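Asker: the sequence isn't on hand, but the structure is:
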């Protein structure tokens, strides 16, 4: 479509009308942003964005990310107007209502045209950085014929204030992601009022300082918007376009004020807005000619997709490309089975962080989809392998990212990579810094994305770094998060099994909590017992009276405690529980067999005891319900009573 203002203005006004009417019907929502960015969005979709409503998952489509997710009616309007099957007009009428896919903030699991779930400000932009990384990596692997698209982001003042924005744009600038363009809704308004209340930052200067191209436009002048977007699209650097807009544009009495940010306009202001913008159609009705202009954009996308599909069909790498983009794992487990066989034979005594790297050596050689990284702790997390050279601005084909000290940015970028498709991302930091990643881990789970978090130094076993670095509440708090698998393996075999299981989880993330200290082997088989979540590692020799449940580095302590109890004729099972969530998914008969009711059940874990009552009932919960201390690991385990010598008397006393 040519830049015909006479046609573009009514198209933009249709966004304004739908947005204000839907928010009014719901009696909640944010009409100001979609009304203010309607002109920019209309130019973007009509002149620049590569998309096909008939194929929302077309691999080489441009990605459109609404980082300012509170303005969700912008994307719902755009998807409906351009002809996506969802949302329907009935869905929009039921905006923010139970079972409507038009949730208060966009959710990728509800509507195929929504690339990612946004709302927590700043994370949409940070996920877009991951999408842009994925595009560049896959372009380097498969070439321009199959992968050559851009990522466009609409971000507000709040997105650019959030700390994660600093992390994300620094990463994007260093990687020179010229396929990434951020359209800043520069309206100088937040919920509290004018942005001058809370900031005097020179945002364009900050972006320039991190290696971005920066331009600006009048966000209500179609020609100027098109000029700025063309400039951004052509520049080899990531681009920020400061779109100077008026929040609530079109509302004669509320436009430009914070009152239009997060509340319905009200019936009187809506009537005045209709008159001001010349919109006479009833609520939730779009005039036929305006809708036809919007729907015509889909035909352009269909042509581009057909041409791409022809190139794909002729490409010798088509099968591998399709496999990666659909997220299917290669058939066969030869590499993992061979690696497990060596573990059974060699019985290595290694830290599980080292065991993770050993497993990754085998897995990354066999699975090119895996792209790893670390938040400046590569030598500690051990996330790199011989098959994962650095991914840099000079070589996007690499498979290991140096994220710098940007844990939150790393986690969000990994979500973006997973959402883009074609990549299975994993990244490392210390477990205690899971708190920095936490909201992005939550979005991994909420978005049903296969992301693997390699969290090392998982307990007081890290030693002298002390309580600032020693996780106490972290393992249990991550277990509390829905749709997350929390693995805490006890040895090299459990670690390898955890990796294999994490990679099979196509619709949920996994966290691997790994030790700094060396751990002895506790398994002599490779029967994938970790898949059960918990299993009987040692059976009672005398009549069973006690079941000790332990995870990770405390499994060896459980075995030592059981051996001491057996010498006194107290039959004791030891249950290793590398993944409580998988255990919870087993049938009731299996769970009852592993944790029989007629026994004293004891949990041992070097973390908070809160939560273990679910498994041991009124039994013993042995752990650490305070912060740690700075000392060598062996001294700390003794100090906190995590030794067989300290635990056995407690068990005997409870037995009476």
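Answerer: Yep, it's here. Source: prediction; values computed, not measured.

Asker: for the stretch 151-300 of the chain, just list every one of the strands.
Answerer: 151-156, 180-186, 189-190, 193-194, 213-218, 239-244 (DSSP state E, counting those that start in this stretch).

Asker: relative to the fourth one, what are the paired strands and their orientations?
Answerer: Just to be clear, that refers to strand 193-194. strand 189-190 (antiparallel) (DSSP bridges).

Asker: roughly how far out does the partner strand sit from the chain middle?
Answerer: Distance of strand 189-190 from the chain centroid (CA atoms, centre = their mean, to the nearest Å) equals 27 Å.

Asker: could you do stretch 206-215 as well?
Answerer: 26 Å.

Asker: before we move on, back to that, wait, which of the strands of the stretch 151-300 of the chain is closest to residue 545?
Answerer: strand 151-156 (60.2 Å; CB to CB). Every residue, glycine included, has its C-beta placed from N, CA and C.

Asker: helices or strands up against the longest helix that the chain contains?
Answerer: Longest helix of the chain, by residue count under DSSP state H: helix 288-314. Helix 288-314 sits against helix 5-26, helix 72-82, helix 318-326, with contacts defined as 3 or more CB pairs under 8 Å, 6 or more residues apart in numbering; DSSP states H and E.

Asker: hmm, back to that, do you know which of the strands of the stretch 151-300 of the chain lies nearest residue 412?
Answerer: strand 151-156 (12.5 Å).

Asker: quick check: mean pLDDT of that closest one?
Answerer: Taken as a whole, strand 151-156 has an average pLDDT of 98.

Asker: hmm, who's touching it?
Answerer: Contacts with strand 151-156, where a contact means CB atoms under 8 Å, 6 or more residues apart in numbering, come from 33, 37, 40-41, 44, 48-49, 62-68, 70-71, 74, 121, 124-125, 128, 131-132, 135, 179-185, 187.

Asker: where are the low-confidence patches of the stretch 451-600 of the chain?
Answerer: Scanning the stretch 451-600 of the chain for pLDDT under 70 picks out no residues.

Asker: ranges for the strands of it?
Answerer: Using DSSP E, counting those that start in this stretch, strands in the stretch 451-600 of the chain cover 452-456, 485-487, 510-514, 518-519, 535-538, 544-550, 571-576, 600-604.

Asker: sheet-wise, list the partners of the fifth one with their directions.
Answerer: Partner strands for strand 535-538, per DSSP bridges, with pairing direction: strand 571-576 (antiparallel).

Asker: in the strand it pairs with, what counts as buried?
Answerer: 571-576 (16 or more other CB atoms under 10 Å).

Asker: if we can go back for a sec, for the longest helix of the chain, buried residues please.
Answerer: 290-291, 293-294, 297-298, 301, 305, 308, 312.

Asker: same check on stretch 589-605?
Answerer: Quick answer for stretch 589-605 (16+ other CB under 10 Å): 591, 594-595, 599-605.

Asker: dump the residue contacts of the spatially closest residue to residue 211 that is not a sequence neighbour.
Answerer: Nearest residue to residue 211, sequence neighbours excluded (CB to CB, 6 or more residues apart in numbering): residue 173, at 3.2 Å. Residues near residue 173 by CB under 8 Å, 6+ apart: 207, 210-212, 237-238.

Asker: now do 10 Å
Answerer: 129, 180, 207-213, 237-238, 393 (CB atoms under 10 Å, 6 or more residues apart in numbering).

Asker: need the three-state assignment for residue 342.
Answerer: With DSSP: H, G, I helix; E, B strand; the rest coil as the basis, residue 342 sits in helix.

Asker: list the contacts for it?
Answerer: 348, 358, 362, 492, 496, 526.

Asker: next one: residue 415
Answerer: Residue 415 neighbours (CB under 10 Å, 6+ apart): 108, 116-117, 123, 126-127, 130-131, 425, 440-441, 443-444, 446-447, 449, 451, 509.

Asker: wait, residue 632 sits on residue 463?
Answerer: Yes: using CB atoms under 10 Å, residue 632 makes contact with residue 463 at a distance of 5.3 Å.

Asker: find residues that contact each of those two.
Answerer: residue 517.

Asker: pick out whichever of the two has more residues nearby.
Answerer: residue 463 (21 against 11; other CB atoms under 10 Å).

Asker: give the burial count for the residue nearest to that one when sequence neighbours are not counted, as a bare number.
Answerer: Computed as CB to CB, 6+ apart, the closest residue to residue 463 that is not its neighbour in sequence is residue 633, at 4.3 Å. Residue 633 has 19 neighbours, counted by other CB under 10 Å.

Asker: over to residue 320?
Answerer: 15.

Asker: contacting residues around it?
Answerer: Neighbouring residues of residue 320 by CB under 10 Å, 6+ apart: 141-142, 330, 368-369.

Asker: just the buried members of these?
Answerer: 141-142, 368-369.

Asker: turn these into JSON lines, including pLDDT, distance to residue 482 and secondary structure.
Answerer: Output for these, formatted as JSON lines (pLDDT from 0 to 100; distance: CB to CB, whole Å; DSSP: H, G, I helix; E, B strand; the rest coil):
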{"residue": "141", "pLDDT": "98", "distance to residue 482": "34", "secondary structure": "helix"}
{"residue": "142", "pLDDT": "98", "distance to residue 482": "35", "secondary structure": "helix"}
{"residue": "368", "pLDDT": "97", "distance to residue 482": "31", "secondary structure": "coil"}
{"residue": "369", "pLDDT": "97", "distance to residue 482": "26", "secondary structure": "coil"}
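
Asker: from those residues, which single one is nearest residue 650?
Answerer: For the buried ones among the contacts of residue 320, the nearest to residue 650 is residue 369 (47.3 Å; CB to CB).

Asker: test my guess that the closest one contacts residue 506.
Answerer: No: applying CB under 10 Å as the test, residue 369 and residue 506 come out as separate, 11.9 Å apart.

Asker: overlap of the contact sets of those two?
Answerer: Applying CB under 10 Å, 6+ apart, one finds that residue 369 and residue 506 are jointly contacted by 327-329, 424, 450.

Asker: could you check the angle the helix or strand hosting residue 428 makes with strand 452-456?
Answerer: Using DSSP states H and E, residue 428 maps to strand 424-430. Angle, strand 424-430 to strand 452-456, by axes from the mean of the first three to the mean of the last three CA atoms, to 10 degrees: 20 degrees.

Asker: and strand 424-430, what's its mean pLDDT?
Answerer: Averaging pLDDT along strand 424-430 yields 98.

Asker: listing partners with orientation, what would you give for that strand?
Answerer: Paired with strand 424-430 in the same sheet, following DSSP bridges, are strand 370-374 (parallel), strand 452-456 (parallel).

Asker: average pLDDT across the first one?
Answerer: Per-residue confidence for strand 370-374 averages out to 98 on the pLDDT scale.

Asker: helices or strands next to whatever helix or strand comes next after that strand in the packing?
Answerer: For strand 370-374, the following helix or strand on the C-terminal side (DSSP H and E) is helix 378-381. In terms of contacts (3 or more CB pairs under 10 Å, 6 or more residues apart in numbering; DSSP states H and E), helix 378-381 is packed against helix 352-366, strand 370-374, strand 400-402, strand 424-430, strand 452-456.

Asker: my guess is residue 187 contacts residue 40. True?
Answerer: No: Residue 187 is beyond contact range of residue 40, at 11.1 Å (criterion: CB under 10 Å).

Asker: overlap in contacts, the two.
Answerer: With CB under 10 Å, 6+ apart, residue 187 and residue 40 have common neighbours 219, 243, 245.

Asker: before we move on, back to that, quick one: which of the contacts of strand 151-156 sit in helices?
Answerer: Applying DSSP H to the contacts of strand 151-156, the entries found in helices are 33, 40-41, 74, 124-125, 128, 131-132, 135.

Asker: circling back to that earlier point, what's the very next helix or strand once past the strand holding residue 428 packed up against?
Answerer: Once the chain leaves strand 424-430, the next helix or strand it forms, by DSSP H and E, is helix 434-446. When contacts are defined as 3+ CB pairs under 10 Å, 6+ apart, helix 434-446 packs onto helix 123-142, helix 163-174, helix 407-420, strand 424-430, strand 452-456, helix 474-479, strand 510-514.
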